[in-house]
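# Test case, fold it:
(2 chains)
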2 protein chains.
Amino acid sequence: MRSPEHKRETSRENSPEGLLSSTPYQYSTMLRFAVIGHKAVTTSDFSLNDMPGGAGRMDILCRCLNASFFLSHDLRRNTECILILKGGEQADPASTITLRFSGEKIKSLNPDERSGGALIKKALVTIPEEEYQRAAPGIFIRKSGLAQLLEDYPFAVLDENGEDIRTAEILPENYILSDHLNFTEEELELIKDLPKYSVGPRILHADHTITVILNEFDRRGEQA
Amino acid sequence: MRSPEHKRETSRENSPEGLLSSTPYQYSTMLRFAVIGHKAVTTSDFSLNDMPGGAGRMDILCRCLNASFFLSHDLRRNTECILILKGGEQADPASTITLRFSGEKIKSLNPDERSGGALIKKALVTIPEEEYQRAAPGIFIRKSGLAQLLEDYPFAVLDENGEDIRTAEILPENYILSDHLNFTEEELELIKDLPKYSVGPRILHADHTITVILNEFDRRGEQA
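This next block holds a predicted model:
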C-alpha cells in the first residue's frame, strides 16, 4: 500500500477534459462521485435512527461517503463525494442542496452510516447560498443541484450499456450516480450527452459502484 | 442483468475442492464470505444506536451483510455471509458464536446498517448449541468459531500478497475476512496453509473487498 506522502509527490492538475489516461495514472488526480438523493431531506432535523425512512434514504448517501473515502486504516485524500439532496418530488426545486465532501480535508468521519449522517446533519445547519460555503472541515454547502454541478466539471454517467471501465483506455474523473430511484426525465435530459460507463454485467447499488470504480483506479495507479 | 430464474436453471453442486473454474462460471454456485468480528458482542442486548462502540464494531459486520447480498432492486441468492462473533479479547473462546446468513432464504434485510444489526440482534436471542439452529428465516446460529468453520468448507484468505483475483484462473468459492483488526496469532495458525488472494494494490475494508470479489464473479458469470 502506498503512503499518502507518496501520492502527494506525483501531484498534477486535472486534465481539462476531465479524462484520465490509463498509463500512467496519477494517484493525486481528484476523483469525484456525485450522488443524487431524490428524496433526501434538505434540513438538519432528521433522525439518525431513521435515515432510510424519515430522512429519505439518507442511508444510501452515507454509504456513498464511506465508499468514497475509506481504505483500511486510511482515507482516500484524492476523492470528493458530492451529495445532491432534492427533498422528494413535492419539494421546491429551488430548495435543492449540494453538499461537497473533500477527502483532503474532511475530519470526524467514521465508516458507520450514523457518522456520515451526523456530518450531513451538521453541514445542513449552515444556510446555503449560491456559492459554496464551508460548513465543517472539508464539507461545503450551496444551493442548486445537478444543472449547476454539470457546469463545474465534465461528468460521466453510470449506465449498464456504457463502456466497461475495465477495458476503457481512459477513465473519467467525475461520475454521476443515482440513489435507489432512476434518474428523472429532467435529469435524463441534462445528462443525455454525457459519456456512459459500466462497472459490469449487473446493476449495483451506488456505493458498491463507487467501490468498484476506485478499485479500477487503484489498479491503474499501481501500473504507473 | 440475468434473472434469478436463469441462475436457478444452471444449478450444480459445489465442486469438492471449493474451487471454481473461470470458464464457465455458474451463477448458482454458492459463494461464502466469513468475517471475523473480534470484538463483536455475542448477546442480543446491544444498542443499534452504538454498533461501532458498545457492540464491538458490529457496524462492520452489518456492512458485510449488505455487500454480500444487495444488488440494485434484487438480492444475491447464491451467497452466504458468515459472521464470527468473538466478544473481545477478554471473552471466553467457548462463547464465540457463528451466525450464518443465507441469501437464498433471508427475509427482512434492508441495505442500511440498522437493518442488519436488527437481524443480528434477533438471531442472538436463540440460545446457540453445537449444531446450527434456525434463528430466523435464512439465519442460523451455533456455538464455535473459525476452527469449526474451516472444517465445513475449504476457505481462502484475503491477503495483499495473495494471487490477484482478476488474473487467477480459478477462484475460490469461500473467503475468510477480518474486521478492522488483524488476524490473531491463533487465527493465523489456523489459516496459514490456506490459499491467499488479493483484490488489488490497496488494502480495503472487508465489505469493499466482498463487493470487488462479487464484481469479479459477476463478470466471469457473464462470460460463461
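# Please read off the pLDDT at residue A:198 from the model.
At residue A:198, the model reports a pLDDT of 98.
# hang on, isn't it packed against residue A:161?
Yes - because the distance of 6.8 Å satisfies C-beta atoms under 8 Å, residue A:198 is recorded as touching residue A:161. (Each C-beta comes from the backbone N, C-alpha and C, glycine too.)
# Looking at those two, which has the bigger crowd around it?
Regarding residue A:198 and residue A:161, a neighbour count based on other C-beta atoms under 10 Å in any protein chain shown identifies residue A:198 as having more, with 19 against 7.
# What sits closest to the more buried one if chain neighbours are left out?
With sequence-adjacent residues excluded and distances taken as C-beta to C-beta, 6 or more residues apart in numbering or on different chains, residue A:198 is closest to residue A:162, at 4.3 Å.
# What of residue A:134?
Counting by C-beta to C-beta, 6+ apart, the nearest residue to residue A:134 once its immediate chain neighbours are dropped is residue A:140, at 5.8 Å.
# What does the one you found show for phi and psi?
Comment: the main-chain dihedrals of residue A:140 come out as phi -130, psi 150, following degrees, to the nearest 10.
# give me the low-pLDDT residue ranges for chain A?
Low-confidence regions of chain A, defined here as pLDDT under 70, cover residues A:1-28, A:222-224.
# Now do the same for the residue nearest the centre of it: helix, strand or coil?
With distances taken as C-alpha atoms, centre = their mean, the residue of chain A nearest its centroid is residue A:33 (2.5 Å). Reduced to three states with DSSP: H, G, I helix; E, B strand; the rest coil, the structure at residue A:33 is strand.
# need the contact list for it.
With C-beta atoms under 8 Å, 6 or more residues apart in numbering or on different chains as the criterion, the residues that contact residue A:33 are A:64, A:67, A:68, A:79, A:80, A:81, A:82, A:175, A:177, A:210, A:213.
# just residue A:122 next, same as before
Contacts for residue A:122 were tallied using C-beta under 8 Å, 6+ apart; they are A:44, A:135, A:136, A:139.
# Who does the residue nearest to the centre of chain A form a beta bridge with?
Note on residue A:33: beta-bridge partners residue A:81, residue A:175, judged by DSSP bridges.
# near chain B, which residues of chain A show up?
In this structure, chain A approaches chain B at residues A:1-2, A:48-49, A:51-52, A:59-60, A:63, A:66-67, A:70-73, A:110-115, A:160, A:166, A:180, A:199-205, A:208, A:211-212, A:215, A:218-219, A:221-222, judged by C-beta under 8 Å from any C-beta of the partner chain.
# can you pull out the helices in chain A?
Along chain A, the stretches classed as helices by DSSP state H are A:4-9, A:58-69, A:113-124, A:146-152, A:185-191, A:206-223.
# Would you convert the ones you listed into TSV that also reports distance to residue B:129?
Listed next are the helices of chain A as TSV, based on distance: least, C-beta to C-beta, whole Å:
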stretch	distance to residue B:129
helix A:4-9	48
helix A:58-69	35
helix A:113-124	33
helix A:146-152	54
helix A:185-191	53
helix A:206-223	35
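# Packing partners of the longest strand that chain A contains?
In chain A, with assignment by DSSP state E, the single longest strand is strand A:156-164. In this structure, strand A:156-164 packs against strand A:174-178, strand A:196-198, with contacts taken as 3 or more C-beta pairs under 8 Å, 6 or more residues apart in numbering or on different chains; DSSP states H and E.
# What is the neighbour count of residue A:218?
21.
# Test of understanding: give the bridge partners of the residue nearest to residue A:134.
Beta-bridge partners recorded for residue A:140 (DSSP bridges): residue A:100, residue A:134.
# Please list all residues in contact with the closest residue to residue A:58 other than its chain neighbours.
The shortest distance from residue A:58 to any residue other than its chain neighbours is 4.1 Å, reached at residue A:51 (C-beta to C-beta, 6+ apart). Contact criterion C-beta under 8 Å, 6+ apart gives A:57, A:58, A:59, A:62, A:113, A:117, B:112 as the residues in contact with residue A:51.
# Of those, select the buried ones using a ChimeraX command.
To isolate the buried subset of the contacts of residue A:51 in ChimeraX, counting by 16 or more other C-beta atoms under 10 Å in any protein chain shown, use the following:
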select /A:57,58,59,62,113,117 /B:112
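# Output the contacts of residue A:51 in TSV, with distance to residue A:156 appended to each entry.
Supplementary listing: the contacts of residue A:51 in TSV, determined by distance: C-beta to C-beta, whole Å:
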residue	distance to residue A:156
A:57	23
A:58	25
A:59	25
A:62	23
A:113	27
A:117	28
B:112	28
